[in-house]
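S.K.: okay, predicted coordinates and the sequence, questions at the end:
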Amino acid sequence: MMQIKGLRVLVFAGLVAAVVVAFVVARTSGVDPVTTTGTHYAITVTADRKAIDVRLDRGEADTVTVAAVMTTMGHAMPEVTARKTAPGQFVAEGDLFFMTGVWELSVRLAGRSGEETLTLNTLITG
């Protein structure tokens, strides 16, 4: 009787561990979009190690450039010009982030709506 109870506890602990692992993997494997608003523009940014997607939610921009710094480690990437992929959609591609962690992005937009730099933080994962 004692062995069955111990086995049940062990199975239950294993199931809890599997659920926790599945949650952590699901949470860190996706890329969460970040939205920010300025005077002339509102944007939604999705970033991973190889690409930064910028969607204009408000305003009309002809050019979009992105620079990033990891202030906690003193890292910075040079400003990259994003190419227009569709109306209101821009993407910067390449080896953009050489380290996982929180990066501060400065998105500079220029166009019919004016010029503005919006700053936001994003988490870059493996």
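M.R.: On my side now, so go ahead.
S.K.: contacts, neighbours, all on C-alpha from now
M.R.: Noted.
S.K.: in the sheet, which strands lie alongside the host helix or strand of residue 78, parallel or antiparallel?
M.R.: Per DSSP states H and E: residue 78 is located in strand 75-86. Strand 75-86 sits in its sheet next to strand 63-70 (antiparallel), strand 89-93 (antiparallel), going by DSSP bridges.
S.K.: mind putting these into a markdown table with mean pLDDT?
M.R.: A markdown table is the format used below for those (pLDDT from 0 to 100):
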| stretch | mean pLDDT |
| --- | --- |
| strand 63-70 | 96 |
| strand 89-93 | 97 |
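S.K.: buried residues of the strand holding residue 78, list them for me.
M.R.: Within strand 75-86, the residues scored as buried using 16 or more other C-alpha atoms under 10 Å are 76, 80-84.
S.K.: isn't there a helix covering residue 61?
M.R.: No - with DSSP: H, G, I helix; E, B strand; the rest coil as the criterion, residue 61 is assigned coil and is not in a helix.
S.K.: if we can go back for a sec, make JSON lines out of the buried residues of strand 75-86 and add pLDDT.
M.R.: JSON lines is the format used below for the buried residues of strand 75-86 (pLDDT from 0 to 100):
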{"residue": "76", "pLDDT": "93"}
{"residue": "80", "pLDDT": "95"}
{"residue": "81", "pLDDT": "97"}
{"residue": "82", "pLDDT": "98"}
{"residue": "83", "pLDDT": "98"}
{"residue": "84", "pLDDT": "98"}
